[in-house]
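Enquirer: whatever this is, show me its structure:
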Amino acid sequence: MSLYFVRHGETEANARQVYYGRLDVDINARGERHAREAAGYLEAVAFDRVIVSERKRTWQTARAICPDEAIWEIHPGLNEMDFGEWEGMDHREVGKRYPGTYRNWCDDWMHTAPDGGECFMDMYQRVCAAFDALDIKDGENILIVGHHGPFQCLFSKFLDAPPEAIWHLKFLQGSYSKVTLAEGYPVIEGINLRHREE
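Expert: Sure thing, here's the model as predicted:
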């Protein structure tokens, strides 16, 4: 049984390097290429389930890899972090418009929430609880198309590392990461893989 993690294809918000999670934006032309690349790598895998978040950028990416929506499941708990009123702004604009909160966030990013949003630890706990509730069965191949922040949280959890270890993990678009479960114990077989899975 294997879990295949694919980060959604690039969006214009990614290209602009702004804070966003709740914003429901499309993947762009480069993101469509990312989705096709991941689909090529995973073409030979027969998926039993496809897990996506509520955001259409994950659906658009998943559709390229496994278009059979009959086996899709939408899990809001795997949504990206909600940046509240900061959504769509870069760090310079946030610093100007919300100087107090931004300063507090820089000092304690784990526990300070963006204005109207959620703090990192709330997201971390939400994502880990959502993953634990997936009821994964032996022998299943599962595709999880999601977001960078939640993937960082989950792989930190798999490594039994503290939440702040997310900064040591980076998930690239147009690739996949593979985890197998041995008696419930996660084994990371590869991150940001770019070869055809047999």
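Enquirer: in contact with Asp90, which residues?
Expert: Neighbour list for Asp90: 16-19 [criterion: Cβ atoms under 8 Å, 6 or more residues apart in numbering]. C-betas here are computed from N, CA, C, even on glycine.
Enquirer: just the buried ones from those?
Expert: Buried by 16 or more other Cβ atoms under 10 Å: 18-19, out of the contacts of Asp90.
Enquirer: tell me how many other residues surround the nearest residue to Tyr20 once chain neighbours are set aside.
Expert: Nearest residue to Tyr20 in three dimensions, chain neighbours excluded: Ala13, at 4.4 Å (Cβ to Cβ, 6 or more residues apart in numbering). By other Cβ atoms under 10 Å, 18 other residues sit near Ala13.
Enquirer: residues in contact with Ala13?
Expert: Going by Cβ under 8 Å, 6+ apart, Ala13 touches 20, 23, 25, 88.
Enquirer: swap in 10 Å and give it another go.
Expert: By Cβ atoms under 10 Å, 6 or more residues apart in numbering, the residues touching Ala13 are 19-21, 23, 25-26, 28, 57, 87-88.
Enquirer: which residue ranges form the strands in the protein?
Expert: In the chain, the segments counted as strands under DSSP state E are 2-7, 49-52, 72-74, 141-146, 176-182, 185-193.
Enquirer: restricting to C-alpha, output the second one in CSV.
Expert: In other words, strand 49-52. Extracted C-alpha coordinates of strand 49-52, given in CSV (Å, rounded to 0.1, in the frame of the first residue of the first chain):
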residue,chain,number,x,y,z
ARG,A,49,-8.9,6.6,-3.8
VAL,A,50,-8.1,10.2,-4.6
ILE,A,51,-8.0,12.7,-1.8
VAL,A,52,-8.3,16.4,-2.6
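Enquirer: now do Phe158 against Val187, distance only.
Expert: Distance check for Phe158 against Val187: by Cβ to Cβ, to the nearest Å, it reads 8 Å.
Enquirer: quick one, which of these two is more surrounded?
Expert: More crowded of Phe158 and Val187, by other Cβ under 10 Å: Phe158, with 16 against 11.
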